[in-house]
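Student: How does the following fold in three dimensions:
(chains A, B, C, D, E and F)
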6 protein chains.
Amino acid sequence: MTQKLRIGKIATLLAMLDEQERASYQSIVPDVQICEGKVGSMDMQKVISAVETAVKRSKLIQEGVYRETHALYHAILEGLEGVTRGQWAIGEMMRTVGLRFAVVRGNPYVNPEEGEWIAVAFYGTIGAPIKGLEHEAVGLGVNHI
Amino acid sequence: MTQKLRIGKIATLLAMLDEQERASYQSIVPDVQICEGKVGSMDMQKVISAVETAVKRSKLIQEGVYRETHALYHAILEGLEGVTRGQWAIGEMMRTVGLRFAVVRGNPYVNPEEGEWIAVAFYGTIGAPIKGLEHEAVGLGVNHI
Amino acid sequence: MTQKLRIGKIATLLAMLDEQERASYQSIVPDVQICEGKVGSMDMQKVISAVETAVKRSKLIQEGVYRETHALYHAILEGLEGVTRGQWAIGEMMRTVGLRFAVVRGNPYVNPEEGEWIAVAFYGTIGAPIKGLEHEAVGLGVNHI
Amino acid sequence: MTQKLRIGKIATLLAMLDEQERASYQSIVPDVQICEGKVGSMDMQKVISAVETAVKRSKLIQEGVYRETHALYHAILEGLEGVTRGQWAIGEMMRTVGLRFAVVRGNPYVNPEEGEWIAVAFYGTIGAPIKGLEHEAVGLGVNHI
Amino acid sequence: MTQKLRIGKIATLLAMLDEQERASYQSIVPDVQICEGKVGSMDMQKVISAVETAVKRSKLIQEGVYRETHALYHAILEGLEGVTRGQWAIGEMMRTVGLRFAVVRGNPYVNPEEGEWIAVAFYGTIGAPIKGLEHEAVGLGVNHI
Amino acid sequence: MTQKLRIGKIATLLAMLDEQERASYQSIVPDVQICEGKVGSMDMQKVISAVETAVKRSKLIQEGVYRETHALYHAILEGLEGVTRGQWAIGEMMRTVGLRFAVVRGNPYVNPEEGEWIAVAFYGTIGAPIKGLEHEAVGLGVNHI
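Tutor: Numbering: from 1, shown residues only, chains lettered A, B, ... in the order given. Model prediction:
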């Protein structure tokens, strides 16, 4: 891989690893702008909204600029495709998700003209709306910003 | 999460981590049946085939039993949805992938009646068929077997 | 076809045939575990739920075991793809369904290692939410259980 | 159901039933224009083409009129959604189909202004390109013509 | 193009052009049956409904005839695929649309047997539910009627 | 609409209008960077490639910078969703396209921080691979660059 900084891998690791597990990981996760959070819902709108709100609060993107909102929105949707596999729908399809998410903004490429990119990763469970009747799910979206 | 063994997380970590990075990880990746490999292609058929062949060679599934092939096939496709985000197509859409994959088979649930499940994880790049014009991609599929 | 028992064909026939029509059919529909029901709705969640409830009540699957719920859920969704053709959505797309469903559990293959499979079939109408403005729809999902 | 003639049910039965099974069925399948055939392929184009050719040869639609070709084409695609469940692709996804198809043209509604409609049904198997590693599939498409 | 009347182009122009811009366009937009309207919503059902209601009120299609409703419905959905690009969903995916639509009914082909066709075009914006955070979208659906 | 420059509308008009029709249109199409071309194919890869090549030749985007290629690629795919309605596939689905395309790069928003965006529009026909058995299709994709 020709990338100097793997923002997708960093985001996915952050979404998957517990506090303790991260300790032995510090060498892998470099100094980048990150934002993390959790969301559990049967409502796709709430999942999208939870990520957008967390990212805007953490100042990872500029709130009033559509360009940045647009880049983030498509990265979220692409990440959710990995989670939902087939259709961006949760409750309508009688299923629920419990997810941790991590968003990373940085310069993955050596060439400075490539500029900043954003990675949105999800890790958690998807399943029937009954505790335990669920399995793991992962998703990653990457976009230029 | 009520699972005793996170086969999806293990598979995703194995697909993402280098030899060196895994060293500090041994505590997280327990003793399960695994199979790993690599594939680079513009042809979806070759990607599916590479995983199926690797899994059968490693005896992770029984080759002649459709039940197991069927479980693996759907787990592969679900993993590839995260990679391709939107449509199971690579070359037809003028893009190429370079992926590492890991397949884990084990008993993720406490209740023994839940039996064995299989997780297929991909990590690598997707992009234009020109070196460097690519970004990261991740995918995970989980199925009962 | 190398199958000794065509659970998909049996489920589809049961979903399509009236009492009277079935009389002349007894030779085709063998002795398998079946569950039948009806559902009319603009809400995909209710359709999925109607099948799951009927199947659990009839003891066709074990209620507390996720493995069996997971197999049934994916078979239902695959059956509904044939009904909705394009997207798992009904009311959101301003349409309604009136469906009969049949679920069959059995051993379709000669090889005993193939074990049990489940087939979920739907037959009925899909159309505008106005009586008569509708046409027929069929769907079948098959999964290992 | 307010339809006087269930062209979808007739087409699906014809695609599913053997010669012998049809004997006891004559009362259900009325006198309508039908066309039947078989196709086995890993190539979606060949499946579509097999149905179109059979229908045109049997004069079920007028060959040079786009209006009728357009109606048939969309009915075929909708039928194939039930077969492929998720994406109109076979070989690209490393799978193969063996299908019987039946096409019925008739006037399903009481109101004569509703005119003629066409139903395309498929029944057979879908699976890995290895004999026996396959399960049943059904699909039905209905369109005005 | 072998069409004598481009109903799709006419519908798209009507959906895109302001009163003033149309003045210089009269030579392009011939004398066909048209219906125009506007709709802004986060609810796909309301968008579909707005077009159907406008078309029925303007008598462009016969209200009680399913054949015509069916043709219109599929043309609307195909037009909305261009607008939503990927999934027929708006609010569930945390986005909103503001659209102008135009529906044209006419005989596009030289051969009189081709009969009447219908074109449904949309033009407007899609984006976050915050004024200004949106970009343009276009969609066109064409069907025989 | 709060946009000062409607790059999507301009691109769609350019893709749809003949030389002669454009004459009366000059007031609407302002001074922006544009690139136009034609492509007819049963191969999605060739359609994508035709647009990319034309855009790179006309220097509308910087060839070696992935950021710009990535923005263009997604705008092309979104435009093609309007054309193909349902799946990015042409020949595999036994259909062919004949398209004119126009790509516009400019600053659509008043706020200078919104920067440059790119719009890719298609207009032409889609249909059976037989001359005349086809209808019109339109597509528009918009992305930040």
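
Student: Surely A:I48 is in contact with E:G91?
Tutor: No - using C-beta atoms under 8 Å, A:I48 is not in contact with E:G91, being 10.7 Å away. Heads up, the C-betas are built off the backbone N, CA and C, glycines and all.

Student: and those two? which has more neighbours close in?
Tutor: A:I48 (23 against 18; other C-beta atoms under 10 Å in any protein chain shown).

Student: Name the SS class of that one, please.
Tutor: helix (DSSP: H, G, I helix; E, B strand; the rest coil).

Student: Now it. Nearest residue, chain neighbours left out?
Tutor: Leaving aside its chain neighbours, A:I48 sits nearest to E:M94 (4.2 Å; criterion: C-beta to C-beta, 6 or more residues apart in numbering or on different chains).

Student: distance between whatever helix or strand A:V103 lives in and the chain's centre?
Tutor: Per DSSP states H and E, A:V103 falls inside strand A:96-106. For strand A:96-106, the distance from its own C-alpha centre to the chain's C-alpha centre is 3 Å (C-alpha atoms, centre = their mean, to the nearest Å).

Student: What is the burial count for the nearest residue to A:V39 once chain neighbours are set aside?
Tutor: Spatial nearest neighbour of A:V39, excluding adjacent residues (C-beta to C-beta, 6+ apart): A:A50 at 3.8 Å. Neighbourhood size, A:A50 [other C-beta under 10 Å]: 18.

Student: OK, contacts around A:A50?
Tutor: A:37-39, A:41, A:101 (C-beta atoms under 8 Å, 6 or more residues apart in numbering or on different chains).

Student: E:R6: which of those is nearest?
Tutor: Closest approach to E:R6 among these (C-beta to C-beta): A:S41, at 45.7 Å.

Student: sorry, back to before: what subset of the contacts of A:A50 is buried?
Tutor: Neighbour-count burial (16 or more other C-beta atoms under 10 Å in any protein chain shown) applied to the contacts of A:A50 gives A:37, A:39, A:41, A:101.

Student: give the contact list for the last one.
Tutor: For A:F101, the contact set (C-beta under 8 Å, 6+ apart) comprises A:15, A:36-39, A:50-51, A:54, A:79, A:120-123.

Student: now with 7 Å?
Tutor: By C-beta atoms under 7 Å, 6 or more residues apart in numbering or on different chains, the contact set of A:F101 is A:15, A:36-37, A:39, A:51, A:120-122.

Student: what do you get for the second one?
Tutor: A:V39 sits next to A:46-47, A:50, A:99, A:101 when contact means C-beta under 7 Å, 6+ apart.

Student: which SSE is A:E36 in?
Tutor: strand A:33-41.

Student: and if you look at A:V51?
Tutor: helix A:44-57.

Student: Break down chain A into its helices, ranges please.
Tutor: A:7-16, A:19-23, A:44-57, A:66-84 (DSSP state H).

Student: These: which one's closest to E:G64?
Tutor: helix A:44-57 (36.7 Å).

Student: What residues sit buried inside that closest one?
Tutor: A:44-52, A:54-56.

Student: Out of the contacts of A:A50, flag the one nearest to chain F.
Tutor: A:F101 (21.9 Å; C-beta to the nearest C-beta).

Student: follow-up on the earlier one: which of the helices of chain A is buried the deepest?
Tutor: helix A:7-16 (a mean of 26; mean count of other C-beta atoms under 10 Å in any protein chain shown).

Student: which residues does A:R6 contact?
Tutor: A:R6 neighbours (C-beta under 7 Å, 6+ apart): A:108, B:136.

Student: ok, it to chain E distance?
Tutor: With distances taken as C-beta to the nearest C-beta, to the nearest Å, A:R6 is found 26 Å from chain E.

Student: A:I7 now?
Tutor: 23 Å.

Student: Could you do A:E36 as well?
Tutor: 20 Å.

Student: and chain A, which of its residues are near chain B?
Tutor: Along chain A, the residues adjacent to chain B under the rule C-beta under 7 Å from any C-beta of the partner chain are A:1-2, A:6, A:8-9, A:12, A:16, A:21, A:24-25, A:28, A:78, A:81-82, A:85-86, A:125, A:131-132, A:135-140, A:142.

Student: please redo it, this time with the cut-off set to 6 Å
Tutor: Residues of chain A lying near chain B by C-beta under 6 Å from any C-beta of the partner chain: A:2, A:8-9, A:12, A:16, A:21, A:24, A:28, A:78, A:81-82, A:85, A:132, A:135-136, A:138-140, A:142.

Student: out of those, who's near chain C?
Tutor: Okay, of the residues of chain A next to chain B, nothing touches chain C (C-beta under 6 Å from any C-beta).

Student: rewinding a little: adding pLDDT, write the contacts of A:F101 out as JSON lines.
Tutor: JSON lines is the format used below for the contacts of A:F101 (pLDDT from 0 to 100):
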{"residue": "A:A15", "pLDDT": "97"}
{"residue": "A:E36", "pLDDT": "97"}
{"residue": "A:G37", "pLDDT": "98"}
{"residue": "A:V39", "pLDDT": "98"}
{"residue": "A:V51", "pLDDT": "98"}
{"residue": "A:V120", "pLDDT": "98"}
{"residue": "A:A121", "pLDDT": "98"}
{"residue": "A:F122", "pLDDT": "98"}
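
Student: would JSON lines of these with distance to E:A71 be doable?
Tutor: What follows is these, written out as JSON lines (distance: C-beta to C-beta, whole Å):
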{"residue": "A:A15", "distance to E:A71": "46"}
{"residue": "A:E36", "distance to E:A71": "50"}
{"residue": "A:G37", "distance to E:A71": "47"}
{"residue": "A:V39", "distance to E:A71": "42"}
{"residue": "A:V51", "distance to E:A71": "40"}
{"residue": "A:V120", "distance to E:A71": "41"}
{"residue": "A:A121", "distance to E:A71": "44"}
{"residue": "A:F122", "distance to E:A71": "41"}
